[in-house]
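In: Fold the following for me, if possible:
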Amino acid sequence: MADRTEKIVNELLESYKKYDITGRIDAENMLGKNILIEIVEEIRKVLFPGFFDKNRVRSEYMRFLVGERLEFIQYNLQKQIAKALGNQDLCSECRKSAVNAKAGEITYKFLERLGIIRDRLYTDIKAAYDGDPAAYSTDEIIFSYPGVFAVTVYRIAHELWLLEVPMIPRIMTEYAHSSTGIDIHPGAEIGRYFFIDHGTGIVIGETTVIGDNVKIYQGVTLGALSTRKGQELKGVKRHPTIGDNVTIYSGTTILGGDTVIGNGATIGGNAFIISSVSEGMKVSVKNPELQFTRGGDKGQEKF
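Out: Residues are numbered from 1 along each chain as shown. Now for the predicted structure:
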C-alpha cells in the first residue's frame with residue numbers, strides 16, 4: 001500500500017511541474033477568495049446599514065460602527081490589492097513598499113466612491129420596486145431579490161475595475177454569479193435605475209454598455225458575436241450597447257459590439273439579435289404554430 005501511495009505522490013509531483021499554470025507553489029502573492037467575500041459582505045453592510053447585521057444598529061453608534069467597518073475593509077482590501085498588483089508584470093521589479101503604497105492609494109480612492117455606489121444602488125432599488133407589482137416593500141427587494149444582490153456586487157467590483165485593480169473585481173462578480181446565476185462582468189458599463197427581474201441565466205459581457213432605466217428578464221444574454229480569436233480580441237468592443245428606457249424580455253440573445261438597441265426599444269422574449277434596432281422599435285418573434293393531439297389506441301386525433 002505504501003508503494004502505491006508513493007507512486008501516486010510522484011505522479012502528482014511530476015504533474016505539478018508539467019502543468020505549472022494549474023498550481024501556485026511557493027507563491028507569495030496568492031489572493032484569498034474567502035477574505036474577498038468577507039470584504040464584499042462588509043461593504044454591503046456599509047451600503048445598506050441595518051439590513052445584514054446580526055444585532056440592531058443604533059443611530060447613536062453609527063459613526064463608531066461605520067469607522068470600524070471601514071478600517072476592516074481598508075486593511076484587508078489593501079492587502080489583497082497589493083497581492084494582485086504584485087502578480088502583475090508591471091510591478092515585478094517594484095519594491096514591496098511601492099506596491100503597498102499604490103495599493104493604499106487605490107483602496108482610499110475606492111472608499112471615497114462608496115457614497116456614489118450608494119446613490120446608484122438607490123436608483124436600482126427604486127427601479128425594482130416601481131417596476132415589479134409583486135414587490136411589497138423596498139426592504140423585501142434589498143433582502144431577497146437576487147438581481148439587487150448581483151448588481152450590488154457588480155457596482156462594487158466595477159469601481160475597482162475602473163481603478164485598474166487586477167483579478168479582484170472578477171472574483172467578486174463570480175461570487176455573485178455562483179449565488180444568483182447572474183453573470184455580470186465588472187467591466188460592463190451600467191447606468192442608473194437598472195432592474196433585473198427574476199434574473200437566473202443572465203449574462204452581461206465585459207464591453208456591454210447599458211443606459212439608464214433599463215429592465216431585463218431572466219435568460220437574457222448580452223454577449224459577443226464570436227470569440228474564436230480569443231486573446232486577440234482583448235480590449236475590443238465585443239458586446240452590444242443598450243440605450244435608455246429599454247426592456248428586454250426573457251430568453252433573448254443580443255450579440256456583437258456593433259449592435260445598438262435604440263432608446264425606448266422593447267425586445268420580446270426568445271429573440272436572437274445580431275444587428276442594431278432603431279429607437280422606439282418593438283421586436284418580437286412570430287408565435288410558433290401550436291398543435292394539440294389526444295392519444296389513444298386508435299391513433300392520435302388532432303385539434
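
In: what about the helices in the stretch 1-150 of the chain?
Out: In chain order, the stretch 1-150 of the chain shows helices spanning 2-18, 33-47, 62-86, 96-111, 114-131, 138-144, 146-162, with DSSP state H, counting those that start in this stretch as the criterion.

In: what distance separates the start and the end of stretch 191-200?
Out: Criterion C-alpha to C-alpha, to the nearest Å; first-to-last residue distance in stretch 191-200 is 21 Å.

In: contacting residues around it?
Out: Taking C-beta atoms under 8 Å, 6 or more residues apart in numbering as the criterion, the residues outside stretch 191-200 that touch it are 120, 123-124, 126-128, 131-132, 145-148, 150-151, 180-182, 202, 210-219, 244, 250. Where C-beta positions appear, they are placed from N, C-alpha and C, glycine not excepted.

In: Would you mind listing the buried residues in that stretch?
Out: For stretch 191-200, burial by neighbour count (16 or more other C-beta atoms under 10 Å) applies to 191-199.

In: Can I get the residues you listed in CSV including pLDDT and distance to Pro288?
Out: CSV is the format used below for these (pLDDT from 0 to 100; distance: C-beta to C-beta, whole Å):
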residue, pLDDT, distance to Pro288
Gly191, 98, 34
Arg192, 98, 37
Tyr193, 98, 34
Phe194, 98, 31
Phe195, 98, 29
Ile196, 98, 27
Asp197, 96, 24
His198, 94, 23
Gly199, 93, 26
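
In: Quick check: which of the helices of the stretch 1-150 of the chain is buried the most?
Out: Mean neighbour counts were compared across the helices of the stretch 1-150 of the chain using mean count of other C-beta atoms under 10 Å; the top stretch is helix 146-162, at a mean of 23.

In: I'd like to know which elements that one is packed against.
Out: Secondary-structure packing of helix 146-162 (3 or more C-beta pairs under 8 Å, 6 or more residues apart in numbering; DSSP states H and E): helix 33-47, helix 96-111, helix 114-131, helix 168-180, strand 183-184, strand 189-190, strand 195-197.

In: any low-confidence regions in this structure?
Out: Per-residue confidence for the chain (pLDDT under 70) gives these ranges: 1, 88-94, 227, 295-303.

In: Can you pull up the most central residue in it?
Out: Residue closest to the average C-alpha location in the chain (C-alpha atoms, centre = their mean): Ile184, at 3.2 Å.
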